[in-house]
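Visitor: whatever this is, show me its structure:
(one chain, ligands or ions: 1)
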Amino acid sequence: MATYAVGDIHGQYHLLVALLDRVGFDFKTDRLISVGDVIDRGTDTGLLLEKLYEGSRDGWFSAIKGNHEELLLSYWREPDRHRDNYLDPGFGGRPTVEALEKSKKGKKLLEWIEAWPLYMETDTFILVHASLPRIQGSRFGDIELCPHRKEGATGFHTCLWARPPEIFPSFDQRLVISGHNIVSRPGPGKEGILLIDTGAYRTGVLTFFRLEDHTFHQVQGKPRVQS
Ligand SMILES: [Mn+2]
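Guide: Take a look at the predicted model:
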């Protein structure tokens, strides 16, 4: 039995399938946790979401939210307000919207994504898409702050949008595992933070980190993105 954290997938279904195969993933006993940004950019976002939704019902898949999931949900609630940002080709929301509109399960998939938490924790790890908040010493711990921490007028959530140098380790010595900030080699970008997003949608490299033995597993292929 193994638990894998996977970096930002961004619709690269074929890379995920190849990597699950490479590690010999056992769908009965192994677990896969996404650090967010499952959707957008990739042409196969719809297929990916349907498979992972089944995976969550079967118990082998779970995910935390990324900034792309947050903006999708904002767009769904207030399309006029968020259309330009979400559907901007640089952000890549269009294939997700098209897939959800086409899918019979569209509404179910959205409700499922809405239920993804902002972070997950174990005795030794904390998974958060971008970063834990910087504040410490309040009556909340750093993790408890995550759902509450908003920045300024933009409303951007630190846990989902933070960029270096504004990324912070846990204050309780647990290892933080994050995506969002692309690295060419996965590993500790800064003490106490493990960055595992290898930019699959543009590099074709998707990365798993196995929690039990701290090993990295990768596959390289051709990215499939909407042109
Ligand atoms: Mn991100």
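
Visitor: ok, F171 - how many residues close by?
Guide: The criterion is other Cβ atoms under 10 Å. On that basis, F171 has 15 neighbouring residues. (Glycine included, C-beta is placed from N, CA and C.)

Visitor: which of the helices and strands in this protein ranks last by mean pLDDT?
Guide: Comparing helices and strands within the chain by mean pLDDT, DSSP states H and E singles out strand 150-151 as the least confident, with a mean of 56.

Visitor: just the pLDDT for the residue of the chain at minimum distance from the ion.
Guide: Of all residues in the chain, H180 sits closest to the ion, at 3.7 Å by Cβ to the ion. Per-residue confidence (pLDDT) for H180: 97.

Visitor: how about it: what's its closest non-neighbour residue?
Guide: Across the structure, with Cβ to Cβ, 6 or more residues apart in numbering as the measure, the residue nearest H180 apart from its sequence neighbours is A130 (4.3 Å).

Visitor: tally of neighbours for the residue of the chain closest to the ion?
Guide: 25.

Visitor: was I right about it contacting H157?
Guide: No: H180 is beyond contact range of H157, at 11.6 Å (criterion: Cβ atoms under 8 Å).

Visitor: got the end-to-end distance for stretch 41-48?
Guide: End-to-end span of stretch 41-48 (Cα to Cα, to the nearest Å): 12 Å.

Visitor: could you do stretch 165-183 as well?
Guide: 14 Å.
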